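Visitor: Fold the following and give me the result.
(2 chains)
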Protein chains: 2
Amino acid sequence: MPASKKKPAATPSEALCPHPLGTLISIGGHERKDVSTDTDADMADDSILRRVVEEIGNKGYILVLPVASEEPKESAEDYIKVFTDLGCSRIEVLDIQSRQDAESEESLRILNEAGGVMFTGGDQLRITALLGGTAFQRRLKERYTTEPFVIAGTSAGATAMSTPMIYQGRNNAGMRKDEIHITTGLEFLHNVAIDTHFVARGRIVRMAQIIATNPSCIGLGLEEDTAVVVTQGRELEVIGSGLVVVLDGMGVTDTNIHAVEPGSPFSIRDLRMHLLSSGQRYTLPIIEQMHV
Amino acid sequence: MPASKKKPAATPSEALCPHPLGTLISIGGHERKDVSTDTDADMADDSILRRVVEEIGNKGYILVLPVASEEPKESAEDYIKVFTDLGCSRIEVLDIQSRQDAESEESLRILNEAGGVMFTGGDQLRITALLGGTAFQRRLKERYTTEPFVIAGTSAGATAMSTPMIYQGRNNAGMRKDEIHITTGLEFLHNVAIDTHFVARGRIVRMAQIIATNPSCIGLGLEEDTAVVVTQGRELEVIGSGLVVVLDGMGVTDTNIHAVEPGSPFSIRDLRMHLLSSGQRYTLPIIEQMHV
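Guide: Residues are numbered from 1 along each chain as shown, chains lettered A, B, ... in the order given. Got it, this is the predicted structure:
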């Protein structure tokens, strides 16, 4: 068969989806909670949770979501205290314990009046198993997409924001093939893997294994008390006291992850790494925004 | 803080990305290759590979991609023979053995002149580890998105088309938490997990485990010599001699995957299952087409 005349390809701008209007704040865990008052100027500049409060501004109350936690009450109380210390007058908590809770009209009503949400830490697999595909997740995504809505999360709550999402990895594991597990996260970002407590728990190797299985992914390793603020679905700003490790697999020249047996060490070459600190910016590549 | 007046949400049509113009043909493995000539009318109706040839039509040559296979030459020769038997006069093979091959100008040139590609079987982790994030993958996605380009694949070549992608699962495993592994596939479909040899190898439990980890996913279990033809990124038509099992997690009411220990059996309730056969249609839910 002869090659036909090709239809002209769409220009890149046509091929891209419009960017989301919301803001993500992904926190690496153990963020400072010793803020005391609004007038404590020394603390005002670098507190991550203050930034969360500022980003939500007057758009509505902060909705605390302790869904990742097996002790949701205690987990929520910590955030009620710190947000109160930061001067918030309206804070709500939604304790989702089942997929039915995540489908209920009451949960959607509470979400609809919020200006932003704060996912606490715990186990990210609780978040995806309980929220994945529910009306609550869809509404969250819709609000983030079409409004200046804020989605913040720490530790498990940060890890679950993007896809792919690591779960059930042993802290120091990831040296050997198949020591990690991955699934789909909440998909506020695509082709981005977020890991937390990144330096404190030695997690760079497990991030490299995620990337080896498909190098189309950008890894964001967030140290404790450190966060990225994401706008337009791709513009990152680092805040907080530690480092963000960016692992870029786009230029990987070789990996043997497909060739070695489970349980064996794997190799990968030419990962690109950036270490970023407070105030620095990074733009995610656009591959994930194409409309398929 | 008082709730602010909400910005009117975008209408659903604004919130959706434009659909891809290409066609996917995902085949469950062991498709009939005993086609003999163009004039064999008995075989014309139900041969999956004939449908691949028809969909590519006069848009360009068929490009065989044996990247999943550790014996690419033998694997490609099978398809050269059957496509020749089906009357194709132009068939090319591109043997990608490294990520450098997938970045080369020569590979892109060969892809640019094709009317469609055929991924052979093998190991899907070879496909994502070698192609993920490369110029070749991006060009494939761009052509599929903006042109009536055909992407066909069988077995591992079908599994790798969508995301999430299962790999390294033992055939009959998946009963116990963490017996499966998932990563990002080539992302021609989002929130769809494709598995093949589905009935012959008893894979329904491992598909249920993928869904349990995040029920936002639709599972497509393709039996051997059976395929789905996907147009507009979501309209499915079943072809071939067997069944397609659709596992829909959107209505899942409960799972304990987040609560049980690795190695333990997990539970999931209210998966919805459809069994579809040749000529039947199914429309994927649109959640995956939102632009974040």
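Visitor: Show me the shaky parts of chain A.
Guide: A:1-16, A:36-46, A:169-173, A:286-292 (pLDDT under 70).
Visitor: And the helices in it?
Guide: A:12-15, A:41-44, A:48-56, A:72-85, A:99-103, A:105-112, A:124-131, A:135-146, A:156-159, A:204-213 (DSSP state H).
Visitor: which of the residues in the fourth one are buried?
Guide: To tie it back to what came earlier, the one meant is helix A:72-85. Under the neighbour-count criterion of 16 or more other C-beta atoms under 10 Å in any protein chain shown, helix A:72-85 has A:72, A:75-76, A:79, A:82-83, A:85 buried. In short, each C-beta sits where N, CA and C put it, glycine included.
Visitor: next one: the third one
Guide: Of the residues in helix A:48-56, A:48-53, A:55-56 count as buried by neighbour count, 16+ other C-beta under 10 Å.
Visitor: residues in contact with it?
Guide: Contacts of helix A:48-56 with the rest of the structure, by C-beta atoms under 8 Å, 6 or more residues apart in numbering or on different chains, involve A:23, A:25, A:27, A:31-33, A:35, A:43-44, A:62, A:79, A:82-83, A:86-88, A:115-116, A:118, A:150, A:152, A:225-227, A:229, A:239-240, B:1.
Visitor: hmm, back to that, and which of the buried residues of helix A:72-85 is nearest to chain B?
Guide: residue A:83 (10.5 Å; C-beta to the nearest C-beta).
Visitor: distance of that closest one from residue B:126?
Guide: As judged by C-beta to C-beta, to the nearest Å, residue A:83 and residue B:126 stand 49 Å apart.
Visitor: and the closest residue to residue A:47 other than its chain neighbours, what does it touch?
Guide: Leaving out its chain neighbours, the residue that sits closest to residue A:47 by C-beta to C-beta, 6 or more residues apart in numbering or on different chains is residue A:35, at 5.2 Å. Under the criterion of C-beta under 8 Å, 6+ apart, the neighbours of residue A:35 are A:43, A:47, A:49-50, A:82, A:85-86.
Visitor: Tell me how far stretch A:121-129 lies from the chain's centre.
Guide: 12 Å (C-alpha atoms, centre = their mean, to the nearest Å).
Visitor: is that stretch anywhere near chain B?
Guide: Yes: using C-beta under 8 Å from any C-beta of the partner chain, stretch A:121-129 comes into contact with chain B via A:123, A:125-126, A:128-129.
Visitor: Residues touching that stretch, excluding its own?
Guide: A:29, A:66-70, A:75, A:119, A:154-157, A:159-160, A:165-168, A:183-186, B:212-216, B:255, B:257-259.
Visitor: Generate a PyMOL selection restricted to the buried subset of these.
Guide: To isolate the buried subset of these in PyMOL, counting by 16+ other C-beta under 10 Å, use the following:
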select buried, (chain A and resi 29+66+67+68+69+75+119+154+155+156+157+159+160+165+166+167+168+183+184+185+186) or (chain B and resi 212+213+214+215+216+255+257+258)
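Visitor: Out of the contacts of stretch A:121-129, name the ones that lie in strands.
Guide: A:119, A:154, A:165-167, A:183, B:255 (DSSP state E).
Visitor: Distance to residue A:248 added to those residues, as TSV?
Guide: Shown next, in TSV, are the ones in strands among the contacts of stretch A:121-129 (distance: C-beta to C-beta, whole Å):
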residue	distance to residue A:248
A:119	26
A:154	24
A:165	18
A:166	17
A:167	22
A:183	22
B:255	34
